[in-house]
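**Student:** Based on what follows, work out the 3D shape:
(2 chains)
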Amino acid sequence: MNRRDLLRLSLVGGGLAWTQRRPLFANPLAPPFDDLPPSPATTPFVTTLPLPPVLTPVAPFSAPDVTFPPQAVNPPTYYKIISEERFVSLHPELPLTRVWGYRDANVANWPFAVGPTIVGRAQHPIVVRHENQLPANHVGFGVPEETVHFHGGHVEARSDGFPEDLPNYDVVFGSGQHYDYGYALLDPGFSHGAADPTDRPATMWYHDHVLDFTAQNVYSGLVGFFLFEDELDTLDETTGLRLPSGEFDVPLALQDKRLDAQGQLAYDVFEHNGFLGDKWLVNGAIQPFLVVKRRKYRFRLLNGCNARFLGMRLIKQGVVQRFDLIATEGGLLSQPLRNRDLVFLSPAQREDIVVDFAQYPAGTVLFLENRLRQDDGRGPSGTFTQPEIQDRGAKFLKIVVGGDAADSPPIPNVLRPFAAITQAQINGATRRTFEFKRRNGVWVINGQPVDLTQPMASVPENGLEIWRLKNGGGGWWHPVHIHLEFMHVLTRNGQTPAPDERDGIAKRDVITLGPNDEVEVFFQFRDFRGRWVMHCHTLEHEDAFMMMRFDVV
Amino acid sequence: MAAAPVELPALEGERARTAELVGDAPLVDQTGRERRVFTELVRDRVVVISFVYTRCQGSCPGTTAKLARVRDLLGERFGRDVTFVTFTLDPERATPADFAEYARAHGVTHGWTFLTGGKERLDKLRRDLGFYDLDPVLDADRTQHAAMLAIGNEPRGRWMHLPAALPADAIVRAIERVAR
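**Tutor:** Modelled structure (predicted):
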């Protein structure tokens, strides 16, 4: 019996009380509610956490399509990334799994499901050539066509990964082709003499963004981290803010997948409501483990799932542990938020936390667990402000406390302060409303399915904008991602937002619209004119056209 | 209609799954002929799938009219490289004659098959192809399922959904992307 049979039965029987959120599936570890058979069982925590290496430079090459603004004075560094089909081990008890993934062109064999980590430094431009070596004759989900979105980047439009070719605007590259991306990594506002060094990212990622098939391509594996460094966040714990670095700075890409009996990725191409997996992967391994030293660690958590929302807790013997939150998608917070006990991540969101393992004796075992309840693509149980947090969850990562090591100093009380938007700026802003809704079974923004050949909004460069993002109802959640700039979150449902999204403390590039939420966000779209998109980052909703184009003019 | 047991063609991976979901249990087209749906209408084709019913006053007329414009834009590619399959959302009342008239009204001469048949078969097909709502109240409302199209390139195992309200030229571009 599959989900849709159950649905039919519930109708025949006069309807289960739908508001009870399907009591058949009370067990949080039960397979998700859909048609595919559950994945094969695997023994948890028998494989080490994969740590895909940092992308290495290549000799400069001619990249005639890339032009950097005159403010980019440092010479660019060049990189090459190859996207390819490869076989990797997701778990030692499974056969090798065919994935699509990025690899460093300097490295012949890339045994990771996740691509190389790009590290970019403020004011130091980089050129990345992406070479598409995906199989042209591929059969199955995923299309061998790419456009690479630098998620969190403030870059020229042609390097942002626009989803579709337009007349005289070729951004999608097929198998056998390449595309050169230029990331100037200048501070937003640079072109107006108002470069803002407080508006810098920390943990970003890059992923495929091709129209209609982003969900399938990202699920297939076209994902990698992109970390940002500067004089504060130096990636060196002896300098700057002295945040945990090196082996103590660990990106964690959290993903759910479904596998068939042969250990191959399974996907439901007809499930546009949002696809859920039942295997919990970190950096491309199913339920790995990590041995840590007794000291502070920075974990950079990315929700790399297509449609699953995550509420991550750190658990020791059933007891919830505390940590400091130091960054969101919009970079380092103005100040650390101490003693947190939950990392809530909508699809595509990132949060960096610092955990101090010095408080635990060697041999202590902890688990990073998702405590949200989610049965389908609508979203998790509860509301954004009060999600249903279960008392058990899906264990993604086992952490074993090992020996001692020299520690980094305490996390300072000031990280990267930035000015909150002023009342004068609010008063001067142009206001627009965008409602995200399901209507007659299709996704719409302001009642329209979106045609990327036309902008839904044209915003003046450097103008002040307040966008009211509104959930049109029906119980659906929508993580809304807006390209080019970070959001300053002004209000959520008319109230001051929680600290982890409050202007003056945090910035975001994905804002969560829980059921019936309304959020007001402030922008100034600076420096780069051109075509951009806003879309739901539940990837199946995005692919079913819950996306709009806005032009900066 | 007596559904004779039919053998599904041997396919692998995604294609096998689609073959199973679409199935070959016959439905009846607008000329009254029984059609094995997967083998005759989906296999080895680029196909645009919709669900409507002829008495519909909601999304259906717009969806079918949009498809007619898409057909016109496709020109000679229509019927040769791309075909349309429209299933009824009203199997209890829809007759082949209704669909014959509906097809005539939309200038259908070839390449576009309208199918009706058993309610259980069509209900399952609708859900399996993604034309359903997780909310059972909305799911039971047939007017909710006519605003979407599924576009498939069966030999590629490549399928996507889009809103029928998109401009016709945007739908043509989507078909071209899927057909690649």
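**Student:** any idea how far the longest helix along chain B is from the chain center?
**Tutor:** Secondary structure of chain B per DSSP state H: the longest helix is helix B:60-74. In terms of Cα atoms, centre = their mean, to the nearest Å, the centre of helix B:60-74 is found 13 Å from the chain centre.
**Student:** Next secondary structure element downstream of that helix?
**Tutor:** Sequence order places strand B:82-88 as the next helix or strand after helix B:60-74, per DSSP states H and E.
**Student:** Could you tell me how many residues sit around residue A:419?
**Tutor:** As a burial measure, residue A:419 scores 12 neighbours (other Cβ atoms under 10 Å in any protein chain shown). For every residue, glycine as well, the C-beta is placed using N, CA and C.
**Student:** distance of it from residue A:488?
**Tutor:** Applying Cβ to Cβ, to the nearest Å, the value for residue A:419 to residue A:488 is 10 Å.
**Student:** Spit out the contact partners of the residue lying closest to residue A:494 once chain neighbours are set aside.
**Tutor:** The shortest distance from residue A:494 to any residue other than its chain neighbours is 7.5 Å, reached at residue A:518 (Cβ to Cβ, 6 or more residues apart in numbering or on different chains). By Cβ atoms under 8 Å, 6 or more residues apart in numbering or on different chains, the residues touching residue A:518 are A:468-471, A:492-494.
**Student:** in the sheet, who's paired with residue A:518?
**Tutor:** On the basis of DSSP bridges, residue A:518 is bridged to residue A:470.
**Student:** and what of residue A:294?
**Tutor:** Per DSSP bridges, the residues bridged to residue A:294 are residue A:404.
**Student:** my read: it touches residue A:401, true?
**Tutor:** Yes. With contact defined as Cβ atoms under 8 Å, residue A:294 counts as touching residue A:401 (6.1 Å).
**Student:** Residues in contact with both of these two, list them for me.
**Tutor:** Common contact partners of residue A:294 and residue A:401 (Cβ under 8 Å, 6+ apart): A:357, A:360, A:362.
**Student:** ok, back up a step: same for the longest helix of chain B, what does it pack against?
**Tutor:** Using 3 or more Cβ pairs under 8 Å, 6 or more residues apart in numbering or on different chains; DSSP states H and E as the contact definition, the elements that helix B:60-74 packs against are strand B:46-52, strand B:82-88, helix B:168-179.
**Student:** now for the ones you listed, which one comes closest to residue A:232?
**Tutor:** helix B:168-179 (43.4 Å; Cβ to Cβ).
**Student:** Just the buried positions in that closest one, please.
**Tutor:** B:168, B:170-175, B:177-179 (16 or more other Cβ atoms under 10 Å in any protein chain shown).
**Student:** same thing with stretch A:315-326?
**Tutor:** Buried residues in stretch A:315-326, counted by 16+ other Cβ under 10 Å: A:315, A:321, A:323-326.
**Student:** Closest to chain B out of those?
**Tutor:** Using Cβ to the nearest Cβ, residue A:315 is the member of the buried residues of stretch A:315-326 that lies nearest chain B, at 30.5 Å.
**Student:** That closest one and residue A:366 touch, don't they?
**Tutor:** Yes. The criterion here is Cβ under 8 Å, and residue A:315 meets it with residue A:366 at 6.4 Å.
**Student:** Can you work out which residues contact both of the two?
**Tutor:** residue A:321.
**Student:** So residue A:314, which state does it fall into?
**Tutor:** strand (DSSP: H, G, I helix; E, B strand; the rest coil).
**Student:** Could you list the residues of the stretch 401-550 of chain A in contact with chain B?
**Tutor:** The stretch 401-550 of chain A comes close to chain B at residues A:439-444, A:448-449, A:451-453, A:474-475, A:543-545, as judged by Cβ under 8 Å from any Cβ of the partner chain.
**Student:** OK, contacts around residue 114?
**Tutor:** Going with chain A. Counting by Cβ under 8 Å, 6+ apart, residue A:114 touches A:50, A:52, A:101, A:221, A:223-225, A:253, A:283-284.
**Student:** I was thinking of chain B, sorry if that wasn't clear
**Tutor:** Neighbour list for residue B:114: B:29-30, B:86-88, B:99, B:102-103, B:108 [criterion: Cβ under 8 Å, 6+ apart].
**Student:** ok, those vs residue A:394, which is closest?
**Tutor:** Distance to residue A:394 across those (Cβ to Cβ) is lowest for residue B:87, with 37.7 Å.
**Student:** Quick check: the gap between the closest one and chain A.
**Tutor:** 14 Å (Cβ to the nearest Cβ, to the nearest Å).
**Student:** Please spell out which residues along stretch A:186-204 are buried.
**Tutor:** By neighbour count on 16+ other Cβ under 10 Å, the buried set for stretch A:186-204 is A:186-191, A:195, A:199-204.
**Student:** Just the residues contacting it, thanks.
**Tutor:** Here stretch A:186-204 makes contact (Cβ under 8 Å, 6+ apart) with A:69, A:71-72, A:122-123, A:125, A:150-154, A:225-228, A:230, A:233, A:251, A:300, A:302, A:327, A:329-332, A:350, A:352, A:416-419, A:462, A:485-486, A:507, A:524, A:526-527.
**Student:** Out of those residues, which end up buried?
**Tutor:** For those, a burial check counting by 16+ other Cβ under 10 Å picks out A:72, A:122-123, A:125, A:150-154, A:225-228, A:230, A:233, A:251, A:300, A:302, A:327, A:329-332, A:350, A:352, A:416, A:418, A:485-486, A:507, A:524, A:526-527.
**Student:** that older thread, any chance of the buried residues of stretch A:315-326 in TSV with secondary structure, distance to residue B:53 and pLDDT as columns?
**Tutor:** Listed next are these as TSV, based on DSSP: H, G, I helix; E, B strand; the rest coil; distance: Cβ to Cβ, whole Å; pLDDT from 0 to 100:
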residue	secondary structure	distance to residue B:53	pLDDT
A:315	strand	52	98
A:321	coil	56	98
A:323	strand	56	98
A:324	strand	58	98
A:325	strand	53	98
A:326	strand	56	98
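**Student:** will you turn those into JSON lines that also has distance to chain B?
**Tutor:** JSON lines is the format used below for the buried residues of stretch A:315-326 (distance: Cβ to the nearest Cβ, whole Å):
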{"residue": "A:315", "distance to chain B": "31"}
{"residue": "A:321", "distance to chain B": "35"}
{"residue": "A:323", "distance to chain B": "35"}
{"residue": "A:324", "distance to chain B": "38"}
{"residue": "A:325", "distance to chain B": "33"}
{"residue": "A:326", "distance to chain B": "37"}
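**Student:** For chain B, which segments count as strands?
**Tutor:** B:27-28, B:34-35, B:46-52, B:82-88, B:112-115, B:148-153, B:158-163 (DSSP state E).
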